[in-house]
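*Asks:* below are the sequence and a predicted model; questions follow.
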Amino acid sequence: MVTEKQLLDPHNWVEAHADYLYSYTLSRINNEEQAKDLVQETFLAALEKVDRFEGKSSERTWLTAILKNKIIDVYRKKSSGLANLTEKKAEDEQKDFFEEDTGHWTEAHQPLPFGIEDHEPLRAKEFNHILQLCMQKLPVLWKSVFIMKHMDDATTEFICSELRVTQANFWVIIHRAKLSLRACLQKNWI
Amino acid sequence: MNHLKKVIYNCKQATLLIEKRQIRKLSFRESIELRIHLAGCSMCQLYNKQSQIIHQMVLQLFHDTQLQVSTLTLDQNFKKELQDRIEEGLNNS
């Protein structure tokens, strides 16, 4: 098999990749200004690394990898410090989900049928909309873990090391994020 | 016995296992525990179903948003300035 060595063409970068990188960012960080900044930073950082490009991947893949790291930086910054307040609040909310002594669902929070369980998921457009709103409400760290896992299919090890959470905490977060999402859907849908 | 009993009757633990199962294979012990719990707990059966639906929908949603935002493009001015900055960088190196 012949592998063609990929080349970089910075004169054409914006024309060829800027819109793609922008939409890639927007689907992961819901903020247009911040997305613009990240695209710009990506090109400038790439410029400094052009001589280290080995030509093993396409130009776009290479640029996207640089962007990805920048997005993770944003997640990391957002989920440290003050942002933890929302996390604390969300954790407190979940205390009522289960009985403290037995771990049973409490009556107030037990799952109720959504009424869409037996339908094709694609058909529930409105449901989708609420799902999106509910996801925005998750604490930043939970949302970051959740997005990295579902959107980029990142490995658990990678997420843990990038966002500096332990394996045990990773499972707690995945569990909590889903409990919150489900509860939010139940509250706003039924 | 005590531990087993605890998990079998504990919905909080069971829902954690349900979430784990979507991401990695459960250990033999975990999968037995979950199966026994689910056999006797209709609420967690429902949770399980809903959790999987949410999982599918989230995957679908990310797919859709990517299509959707791909129609959202950067404005020409921003692009021009950006390319100019790149050219500047190229000339300086």
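*Replies:* Received, thanks.

*Asks:* for A:N12, grab the count of nearby residues.
*Replies:* By the criterion of other CB atoms under 10 Å in any protein chain shown, A:N12 has 12 neighbours. Placement of C-beta: from N, CA and C, glycine included.

*Asks:* low-scoring pLDDT stretches of chain B, where are they?
*Replies:* Judged against pLDDT under 70, the low-scoring parts of chain B cover residues B:1-7, B:65-70, B:93.

*Asks:* tell me, what residue is most central in it?
*Replies:* Relative to the mean C-alpha position of chain B, the nearest C-alpha, by CA atoms, centre = their mean, is the one of B:H55, at 6.0 Å.

*Asks:* again, but for chain A
*Replies:* Chain A has A:I147 as the residue nearest its centroid, 2.1 Å off, counting by CA atoms, centre = their mean.

*Asks:* wait, does stretch B:44-59 contact chain A?
*Replies:* Yes - Stretch B:44-59 comes into contact with chain A when judged by CB under 8 Å from any CB of the partner chain, the residues involved being B:44, B:46-47, B:49-51, B:53-59.

*Asks:* for PyMOL, what selects the buried ones among those?
*Replies:* Filtering the residues of stretch B:44-59 next to chain A down to the buried ones (16 or more other CB atoms under 10 Å in any protein chain shown) takes a single PyMOL command:
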select buried, chain B and resi 44+46+47+49+50+51+53+54+55+57+58
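
*Asks:* surely the residue nearest to the centre of chain B is in a strand?
*Replies:* No - secondary structure assignment places B:H55 outside any strand; it is helix (DSSP: H, G, I helix; E, B strand; the rest coil).

*Asks:* which secondary structure element contains the spatially closest residue to it that is not a sequence neighbour?
*Replies:* When the adjacent residues along the chain are set aside, B:H55 lies closest to B:Q22, with 5.6 Å between them (CB to CB, 6 or more residues apart in numbering or on different chains). Per DSSP states H and E: B:Q22 is located in helix B:11-23.

*Asks:* helices or strands up against the following helix or strand past that helix?
*Replies:* On the C-terminal side of helix B:11-23, the nearest following helix or strand under DSSP H and E is helix B:28-40. For helix B:28-40, the contact count by 3 or more CB pairs under 8 Å, 6 or more residues apart in numbering or on different chains; DSSP states H and E identifies helix B:2-8, helix B:11-23, helix B:42-69 as packing neighbours.

*Asks:* let's go with 6 Å and repeat that
*Replies:* Applying 3 or more CB pairs under 6 Å, 6 or more residues apart in numbering or on different chains; DSSP states H and E, we find helix B:28-40 packed against helix B:2-8, helix B:11-23.

*Asks:* count the residues that sit near the residue of chain B found nearest chain A.
*Replies:* Nearest to chain A in chain B, going by CB to the nearest CB, is B:N10, at a distance of 3.4 Å. The criterion is other CB under 10 Å. On that basis, B:N10 has 21 neighbouring residues.

*Asks:* and for A:E33?
*Replies:* Neighbours of A:E33 under the rule other CB under 10 Å: 7.

*Asks:* next: B:E33.
*Replies:* Close neighbours of B:E33, defined as other CB under 10 Å, add up to 21.
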